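Asker: Based on what follows, work out the 3D shape:
(one chain, ligands or ions: 1)
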Amino acid sequence: MFPPVKITSGGSEIREFGPQDAAQVTAFLAAGDRTALPPGGPATTADVDHWLADTVHRRRLDGDGVHLAIVDTVSGDIVGSTGLRDTDWAAGSSEIGYGVRTDRRGRGHATEAAGAVARWALTAGGLRRIVLHARADNAASLRVAAKAGFHREGTLRLADWDGETAHDLAAFSMIATDL
Ligand SMILES: CC(C)(COP(=O)(O)OP(=O)(O)OC[C@H]1O[C@@H](n2cnc3c(N)ncnc32)[C@H](O)[C@@H]1OP(=O)(O)O)[C@@H](O)C(=O)NCCC(=O)NCCS
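Answerer: This is a model prediction of the structure:
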């Protein structure tokens, strides 16, 4: 199981979603904007309270990973989300992901969050290896991975199936000696 996460990095606080986020998360869903919410976030506004009080913490308590909000420390706005998943405690490995609101992109939020969460996971989180997979045609995500200090290990050919087409994935990692 991961310990509770609260990371301050650059102009952001990175922490678990919680009941204090109900108004913002409800507003995102009401506007049809899921870009700041993680995969597996609440499906409708009716699900928000239960998701914030319970579901969002399950991943951490089950040891699979963490769902984290990226919060602008000045405005208090949730600008995106990041997290870890598919943690293999025996191997000491976990996979990182991230997304940033369309209207807040290009300000370094994803780079700051990816680097900070990976550093946290390799120290306080007790892991040895953080994996990052980005579609090989996702130029912004490839740039984030490189800027955040991940090492590109290669290409997982046709490893991502979107329901219609298979895409190559770029495989990156960060290990403790990279810090
Ligand atoms: C990928 C994503 C998280 C980046 O968030 P962000 O906060 O804008 O990222 P940053 O500001 O830290 O860095 C983005 C970098 O990508 C670059 N970039 C953005 N779009 C680009 C493009 N089409 N081609 C090349 N570079 C691009 C930016 O210029 C910036 O690099 P720079 O600082 O050298 O100029 C955001 O675009 C997003 O949420 N996309 C949808 C979800 C997604 O793809 N998640 C990743 C799954 S692996």
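Asker: Return the residues in contact with residue 165.
Answerer: Listed by C-beta atoms under 8 Å, 6 or more residues apart in numbering, residue 165 has no contact partners. Any C-beta I mention is one placed from the backbone N, CA and C, and that applies to glycine too.
Asker: try 10 Å
Answerer: Residues near residue 165 by C-beta atoms under 10 Å, 6 or more residues apart in numbering: residue 158.
Asker: ditto for residue 88
Answerer: Residue 88 touches 63, 64, 94, 95, 127, 129, 131, counting by C-beta under 10 Å, 6+ apart.
Asker: For residue 102, see how far away it is.
Answerer: With distances taken as C-beta to C-beta, to the nearest Å, residue 88 is found 33 Å from residue 102.
Asker: now, among the contacts of residue 88, which is nearest to the ligand?
Answerer: Among the contacts of residue 88, residue 95 lies closest to the ligand (C-beta to the nearest ligand atom), at 9.7 Å.
Asker: which one of the contacts of residue 88 has the most neighbours?
Answerer: The member of these surrounded by the most neighbours (other C-beta atoms under 10 Å) is residue 94, with 27 neighbours in all.
Asker: so it is in which element?
Answerer: Using DSSP states H and E, residue 94 maps to strand 93-100.
Asker: Nearest residue to residue 147 in space, please, no chain neighbours.
Answerer: residue 111 (4.6 Å; C-beta to C-beta, 6 or more residues apart in numbering).
Asker: meant to ask about residue 156, not that
Answerer: Among residues not flanking residue 156 along the chain, residue 169 sits closest, at 4.2 Å (C-beta to C-beta, 6+ apart).
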